[in-house]
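Visitor: my questions concern the predicted model and sequence given below.
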Amino acid sequence: MTARQARSEAQRLLDASGVRATPGRVQVLAELVREPNDATAQGLHERLRARGERVGLATVYRTLGVLVEHGIVDALSHSPGELCYRICGGGHHHHLVCTECHRVEELGSCELDEWLERAAAVHGFRATSHRLEVAGVCAGCAGA
């Protein structure tokens, strides 16, 4: 994907979500659009700076927070000490994440609702939502 296409897609995503498209937001989101799996804030910042973009690390973190808040990107926690960010498809889904190469697969079907309702009830809870992220090693990294 070209830089122009990534910026156009970033603009479209921001507009569709009703988020103001500041230059920093477009820069950060466009870089994430070009990422097929996930990336850390530090990694996005380094890539932008290497490309000659003038964007601060604080702007990257703030922007990612806004994007997560508005559901434009998902924050994944498979990397100890730092969140990874990814543009995901719409609707309820879960993730399989390779801890070696950071390949991410979205799982669209979810059969956890009934089990979660029962498990929550046993402990006096009412489940209102859930997220599932399964860390492991993909076939490519496992050498299969």
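Guide: Ah, there it is.
Visitor: just checking, residue 64 is part of a helix?
Guide: Yes: counting by DSSP: H, G, I helix; E, B strand; the rest coil, residue 64 is found in a helix.
Visitor: now do the contacts for it.
Guide: If you count contacts by CB atoms under 8 Å, 6 or more residues apart in numbering, residue 64 has them with 28, 41, 44, 73, 75, 83, 85. Heads up, the C-betas are built off the backbone N, CA and C, glycines and all.
Visitor: centroid residue for the chain?
Guide: In the chain, the centroid-proximal residue (CA atoms, centre = their mean) is residue 86; its distance is 2.3 Å.
Visitor: and the strands in the protein?
Guide: 39-40, 73-76, 84-87, 94-98, 104-107, 133-136 (DSSP state E).
Visitor: dump the C-alpha coordinates for the top helix by length along the chain into PDB.
Guide: Taking DSSP state H as the criterion, the chain has its longest helix at helix 3-17. Presented in PDB, the C-alpha positions along helix 3-17 are these (Å, rounded to 0.1, in the frame of the first residue of the first chain):
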ATOM      1  CA  ALA A   3       1.800   6.200   1.600                       C
ATOM      2  CA  ARG A   4      -1.000   8.200  -0.300                       C
ATOM      3  CA  GLN A   5      -3.400   5.200  -0.100                       C
ATOM      4  CA  ALA A   6      -2.600   4.700   3.600                       C
ATOM      5  CA  ARG A   7      -3.300   8.400   4.400                       C
ATOM      6  CA  SER A   8      -6.600   8.200   2.400                       C
ATOM      7  CA  GLU A   9      -7.700   5.100   4.400                       C
ATOM      8  CA  ALA A  10      -6.700   6.700   7.700                       C
ATOM      9  CA  GLN A  11      -8.700   9.800   6.800                       C
ATOM     10  CA  ARG A  12     -11.700   7.500   5.900                       C
ATOM     11  CA  LEU A  13     -11.500   5.600   9.200                       C
ATOM     12  CA  LEU A  14     -11.300   8.800  11.200                       C
ATOM     13  CA  ASP A  15     -14.200  10.400   9.300                       C
ATOM     14  CA  ALA A  16     -16.400   7.200   9.700                       C
ATOM     15  CA  SER A  17     -15.800   7.200  13.400                       C
END
